[in-house]
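> Quick one, structure for this:
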Amino acid sequence: MVNQLTVGWRAFIPLVGNSLPRCPVPQIITELRSAAIRFCKDSRVWRHSSDLMDVYKGECRYVFEPPTKTTVVSTLEVYFRGEILIPLDDRVVRDEPGVPDSFKVEEPGVVRLVPCPREDEEAVLQTVNILAPYVTADVCPKFLLDFHGETIASGAKAKLMMVPDKPWSDPARARLEQAEFNAGKAEIRIREMRGGTECKQEINSPSFF
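A predicted model of the protein is given here:
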């Protein structure tokens, strides 16, 4: 069931219009989902703040479990006791006990606290992550349709119009749609880099879907 914060991929189909004559709906939906994933990864528009997590003495590595039907693109920020931690680069870190003041991202959604917590504490760790729909997701956040639907539709049309020897094939139009898609992603990313808030959507509930 789709809740009020989500929409199915069919909701994007009117944005495709009549530009893909006789293209099967399942194929359109597949490319809409793929375009939405690329859009979220490249624009970093979908931020998610995790619930507060416990930490344990001697345990340095913590894994954020993303909401159902989503995947973690990257981890942006980590907070401990409400204070933002300093991100570290690829240098080797030692797992010494102490009060964490830094973190290292081992992979998206997986962080290593530095120093390693020296005692158990409840509800003190929080991560801020960039999310994207999972490759088999049948729904997506409604804000993607409301604010970025045209851009995502352009990305899907660009892919489908490049398929050769189909009634909807149109390589010249595909290049224009791809340019629209790229421009839309770039605009959001530039706004984020400049500190704009209107380009970001933050979802705090772990049970978003």
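> contacts, neighbours, all on C-alpha from now
Will do.
> Which pLDDT value belongs to the closest residue to R112 other than its chain neighbours?
By the measure of C-alpha to C-alpha, 6 or more residues apart in numbering, the closest residue to R112 outside its immediate chain neighbours is R61, 4.4 Å from it. The score at R61 is 96. That number is its pLDDT.
> now P206
In this model, P206 is scored at 40, pLDDT.
> Could you do V92 as well?
At V92, the pLDDT recorded in the model is 70.
> what about it, which helix or strand?
Per DSSP states H and E, V92 falls between elements, in no helix or strand.
> what's around it, how many residues?
The number of residues packed near V92 is 8, by other C-alpha atoms under 10 Å.
> Return the distance of the residue located most distally from the centre of the chain relative to C23.
In terms of distance from the mean C-alpha position of the chain, D165 ranks first, at 33.7 Å (C-alpha atoms, centre = their mean). According to C-alpha to C-alpha, to the nearest Å, D165 stands 12 Å off from C23.
> What average pLDDT does the lengthiest strand in the chain get?
Secondary structure of the chain per DSSP state E: the longest strand is strand 121-133. If you average the pLDDT over strand 121-133, you get 97.
> what's the next helix or strand after that strand in contact with?
Note on strand 121-133: by DSSP H and E, the next helix or strand toward the C-terminus is strand 139-141. Judged by C-alpha atoms under 8 Å, 6 or more residues apart in numbering, the contacts made with strand 139-141 from elsewhere in the structure are V2, L5, T6, V7, G8, W9, P133.
> Out of those residues, grab the one that's most surrounded.
Neighbour counts for those were taken using other C-alpha under 10 Å; the highest belongs to P133, with 25 neighbours.
> which residue is nearest the middle of the chain?
Nearest to the chain centroid, counting by C-alpha atoms, centre = their mean: L131, 2.4 Å.
> what helices or strands is the longest helix along the chain leaning on?
Among all segments of the chain classified by DSSP state H, the helix with the greatest residue count is helix 171-193. Using 3 or more C-alpha pairs under 8 Å, 6 or more residues apart in numbering; DSSP states H and E as the contact test, the elements touching helix 171-193 are helix 25-43, helix 142-161.
> any idea which helix or strand comes after the first one?
Going down the chain from helix 25-43, the next helix or strand is strand 46-49, by DSSP H and E.
> what's the offset of that following strand from the middle of its chain?
When C-alpha coordinates are averaged (C-alpha atoms, centre = their mean, to the nearest Å), strand 46-49 and its chain have centres 7 Å apart.
> And for stretch 44-57?
In terms of C-alpha atoms, centre = their mean, the gap separating the centre of stretch 44-57 from the centre of its chain is 14 Å.
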